[in-house]
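K.L.:
Kindly generate the corresponding structure for this input.
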Amino acid sequence: MSPREPRLQAGWDIGGAHVKACLLADGALRDVAQWPCPLWQGMEHLDAALDAARSRWGGAWGPELAHAATMTGEMVDLFPDREQGVARIADRLAQSLGASLRLFDGEGDWRAPHEAPARWRGIASANWRATARVVAQRLGEAVLVDIGSTTTDLIPLRAGRVAALGTSDAERLATGELVYQGVVRTPLCALGPRVHWRGDTVNVMNEFFATTADVYRLTGELEPAHDQADTADGRGKDAGACRQRLARMVGRDAAEAGPADWLALADCWKHAQLAELASQLQRVCAGAGVPGGVPLVGAGCGAFLAEQLARRTGRPFFRYAEVALPAASPAAALASWADVCAPAVSVALLACRRE
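P.N.:
All right, here's what the predicted structure looks like:
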């Protein structure tokens, strides 16, 4: 008897800045990856990311590969509104991925691409709910802290269920469950109007001179492989270029101070971001009645910051991969990418369970 071919499942998270995807074989993680996708510049960037995945998984790509997808890219200003964004992304995915494609509906079901125009509200920006559902099923009680390149999700989980008060982006912004800060693309002026500089408190320039990636490159905490966005000035990502961008934020040039001074300034911005996330976490936990000892589960390319948030608030900490993939125990590099691409991994896991 010939051996059975493994059941192959792909999971997709179509964002406005990146496309994240994973490949499962019989429910075990075989591969996971992320590609830059500045979707606001045109649908051709989505096509390029899909082509890159097809090339990467050439041996597995075929009619036996099932596809499940979620998205946040409908928010970009390429589209006149979110409804058209969902419909156009769904249509493009269907053309590329084929008839097996199912779209994750955060309201509790899966949708065929042709249903997207009518069901767009449930499909739009539902990726956080997929990740939260997987973690809730594994741990029961926790707070998911998914810190990505652009945003942070703070999702309370109670009794094995997602206990978020908000459902849409608008509602989650109101509850604190969505914080529009990340560790790569956030302009530094969004973290606060003043910083500490050489013993003084100084105003910062409200200009797009530098981003949080400059901070975490200097602190050494942002993995270079996860650092896929362009810099604010289009120049390099080396330490000297990062210092120069930080210097502009306080009206200076990098040559006016030493590396230790610029690292101290980077730390100032980092702690401002941590303080804001801690404040929002407190709001979310109070709103959902989350007990103090409940762990945080970190995901995203900023999972390192989620771990520091757990220490700051005295909570236990787990990475997404160790919670979502405990039996598989993927290699460290693969587990790290699973953390970054948690929504893509989650929709794939949920689709496998559905089958």
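
K.L.:
got the contact list for R172?
P.N.:
Neighbouring residues of R172 by CB atoms under 8 Å, 6 or more residues apart in numbering: 128, 153, 164, 166, 178. Glycine gets a C-beta too; all of them are placed from N, C-alpha and C.

K.L.:
Now intersect those with the helices, please.
P.N.:
The members of the contacts of R172 that map onto helices under DSSP state H are W128.

K.L.:
Pull the number of nearby residues for C285.
P.N.:
Neighbourhood size, C285 [other CB atoms under 10 Å]: 19.

K.L.:
what about it, which helix or strand?
P.N.:
Here C285, judged by DSSP states H and E, is contained in helix 259-288.

K.L.:
buried ones in that helix?
P.N.:
Within helix 259-288, the residues scored as buried using 16 or more other CB atoms under 10 Å are 261-266, 268-270, 272-273, 276-277, 280-281, 284-285, 287-288.

K.L.:
sorry, back to before: out of the contacts of R172, list just those in strands.
P.N.:
Counting by DSSP state E, the contacts of R172 place 153, 178 in strands.

K.L.:
what about stretch 68-77, how long is it end to end?
P.N.:
With CA to CA, to the nearest Å applied, stretch 68-77 spans 25 Å between its terminal residues.

K.L.:
re earlier: mind putting the contacts of R172 in a markdown table, distance to I147, pLDDT and neighbour count included?
P.N.:
Shown next, in a markdown table, are the contacts of R172 (distance: CB to CB, whole Å; pLDDT from 0 to 100; neighbours: other CB atoms under 10 Å):
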| residue | distance to I147 | pLDDT | neighbour count |
| --- | --- | --- | --- |
| W128 | 12 | 97 | 27 |
| D153 | 8 | 98 | 25 |
| A164 | 16 | 97 | 25 |
| G166 | 18 | 95 | 17 |
| L178 | 12 | 98 | 24 |
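
K.L.:
Closest one to E322 out of the contacts of R172, please.
P.N.:
D153 (18.5 Å; CB to CB).

K.L.:
Name the residues linked to the closest one by a beta bridge.
P.N.:
Judged by DSSP bridges, the bridge partners of D153 are D146, L178.
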